[in-house]
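Chemist: Curious how this folds, go ahead:
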Amino acid sequence: MSSFEIGASRPVGAIQPNSTLPANQGPAATDAALPATPAGDTAQVETSLTTSAGPIPVDQSRVAQIRDAVQNGTYPVIPTRIGDAMIAAGVMLQKAAK
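Modeler: Now for the predicted structure:
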């Protein structure tokens, strides 16, 4: 069985500040290297239908059955299956990270 890492929480955010950049590579240096964009111009992004994943394969009748069972309180909750799925997901994530 694999071990789990337990420790202090780390800050999470969109940007992790890095104060170790040399002075010539700071934000002012990178901004000067970017070309100026005239006011009112916006970047245009083109998309291609070839990159589309297509329709999402969802069995609407099965979703309706599960939704009704949850609302009626008849959906079977089996803790061992839930635990097994959580462990399997953790193993898959660890293998993908390697």
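
Chemist: contacts and neighbour counts: CA atoms only from here.
Modeler: Fine.

Chemist: Beyond the helix or strand of the chain with the lowest mean pLDDT, next helix or strand please.
Modeler: When each helix and strand of the chain is scored by mean pLDDT, DSSP states H and E, helix 27-33 comes last, with a mean of 51. Later in the chain than helix 27-33, the nearest helix or strand by DSSP states H and E is helix 60-72.

Chemist: Identify all contacting residues around that following helix.
Modeler: Helix 60-72 has contacts (CA atoms under 8 Å, 6 or more residues apart in numbering) with residue 75.

Chemist: List the buried residues of that helix.
Modeler: Buried residues in helix 60-72, counted by 16 or more other CA atoms under 10 Å: none are found.

Chemist: what about residue 80, which helix or strand?
Modeler: Per DSSP H and E: helix 79-97 holds residue 80.

Chemist: What would that helix look like as PDB? C-alpha coordinates only.
Modeler: Only the C-alpha atoms of helix 79-97 are listed here, as PDB (Å, rounded to 0.1, in the frame of the first residue of the first chain):
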ATOM      1  CA  PRO A  79     -19.600   2.300   1.500                       C
ATOM      2  CA  THR A  80     -17.200  -0.500   0.400                       C
ATOM      3  CA  ARG A  81     -17.700   0.300  -3.300                       C
ATOM      4  CA  ILE A  82     -17.300   4.000  -2.600                       C
ATOM      5  CA  GLY A  83     -14.100   3.400  -0.700                       C
ATOM      6  CA  ASP A  84     -12.700   1.000  -3.400                       C
ATOM      7  CA  ALA A  85     -13.400   3.700  -6.000                       C
ATOM      8  CA  MET A  86     -11.600   6.400  -4.000                       C
ATOM      9  CA  ILE A  87      -8.600   4.200  -3.500                       C
ATOM     10  CA  ALA A  88      -8.500   3.200  -7.200                       C
ATOM     11  CA  ALA A  89      -8.700   6.900  -8.200                       C
ATOM     12  CA  GLY A  90      -5.800   7.700  -5.800                       C
ATOM     13  CA  VAL A  91      -3.700   4.900  -7.400                       C
ATOM     14  CA  MET A  92      -4.500   6.100 -10.900                       C
ATOM     15  CA  LEU A  93      -3.500   9.700 -10.000                       C
ATOM     16  CA  GLN A  94      -0.200   8.600  -8.500                       C
ATOM     17  CA  LYS A  95       0.600   6.500 -11.600                       C
ATOM     18  CA  ALA A  96      -0.300   9.500 -13.800                       C
ATOM     19  CA  ALA A  97       2.000  11.800 -11.800                       C
END
